[in-house]
Each structure stands twice: as C-alpha cells, then as structure tokens.
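# Give me coordinates for this.
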Amino acid sequence: MKLTANIDGASFGNPGASGLGVVLKDSEGKVLVEHFEHLGHGTNNRAEYMALLRSIELAEKLGGDELEVLSDSQLVVSQMNGVYKVKNGDIKALVLKVRERLARSGLKFRIVHVRREFNKEADKLAKKGAGLVV
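Alright, predicted model coming up:
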C-alpha cells in the first residue's frame, strides 16, 4: 500500500516549546491518520526530523510498503536526499535514526519539498503539538 505523509515541525522560540504534525493519506488521498505530538523543549529542525521519524513509524503500523513524504523544510529534504551535509551533532543522530528505521522497515521511501501553502494541515497539527494553537 502506497502512503503519502505531509509532515511538519514547530518550535515556539528556537529552541522552545516544540511539536510535530503528520497527516498520512492513502493513494486515493483519503486521510488515514492525523497525528500531533508535544516534544518538549527543542529546535524547529529537531521537530522536523521527529515528524519524519513518526511518519515512518505510522506508515509501518498501517502496513504500508511505500511512503512518499512531503515536507516544507528545504533543509530536511536536502539533507535526506544528500544535497546538504548534516553538520549539527544532534541532527546527525536523528538522521542516523531515520535511516536505520527506514532500512528496518523495508519501505520504498521518497521525500519531496513542497511549498508551505501545500502543507497547512501538518503545520496546524505541529503548532497544536507545540501548544501554539488549541
């Protein structure tokens, strides 16, 4: 089953109260999961990577075999696609965790950059997770 995930991370202050949002859809565009989560104190980049990791975990739980991730974070997309190097030690650890999880999952994986206006649902959920909206 092919799944698509819109992901986003939010941080009120950077670092500050942070959260993640994931919207998982099937190949017909039907929303299967809307997930938000409070991550405590952290950076926006950390929240973005945690959203990516959570999308993989959720796709596995749903029995997906293919996952396309849509993110408005040019940094995360470029780092995951090998265009940008990962310099921050904490982020390097998260990238390694994501790559290990992908390898174990067997998911056919692709990550694509989308403009913010095409990621509003995940953005709203991430802000909710950070405690910025009710």
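
# CA atoms for contacts and neighbours, from now on please.
Fine.

# where along the chain do the strands fall?
Along the chain, counting by DSSP state E, strands occupy 2-13, 16-25, 31-42, 66-71, 108-113.

# Okay, now the sheet partners of the first one, with direction.
The sheet places strand 2-13 alongside strand 16-25 (antiparallel), strand 66-71 (parallel), with pairing taken from DSSP bridges.

# Output the ones you listed as TSV; include the columns distance to Ala126.
Converted to TSV, the strands paired with strand 2-13 look like this (distance: least, CA to CA, whole Å):
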stretch	distance to Ala126
strand 16-25	4
strand 66-71	12
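
# most tightly surrounded among these?
strand 16-25 (a mean of 26; mean count of other CA atoms under 10 Å).

# what mean pLDDT does it have?
Averaging pLDDT along strand 16-25 yields 97.

# How far away from the center of its chain is it?
7 Å (CA atoms, centre = their mean, to the nearest Å).

# Give me the angle between that strand and strand 31-42.
170 degrees (axes from the mean of the first three to the mean of the last three CA atoms, to 10 degrees).

# what ranges of the protein fall below the confidence cut-off?
133-134 (pLDDT under 70).

# try it again with 80
Counting by pLDDT under 80, the chain contains low-confidence ranges at 132-134.

# Make TSV out of the strands of the chain and add distance to Leu102.
Listed next are the strands of the chain as TSV, based on distance: least, CA to CA, whole Å:
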stretch	distance to Leu102
strand 2-13	14
strand 16-25	17
strand 31-42	19
strand 66-71	10
strand 108-113	8
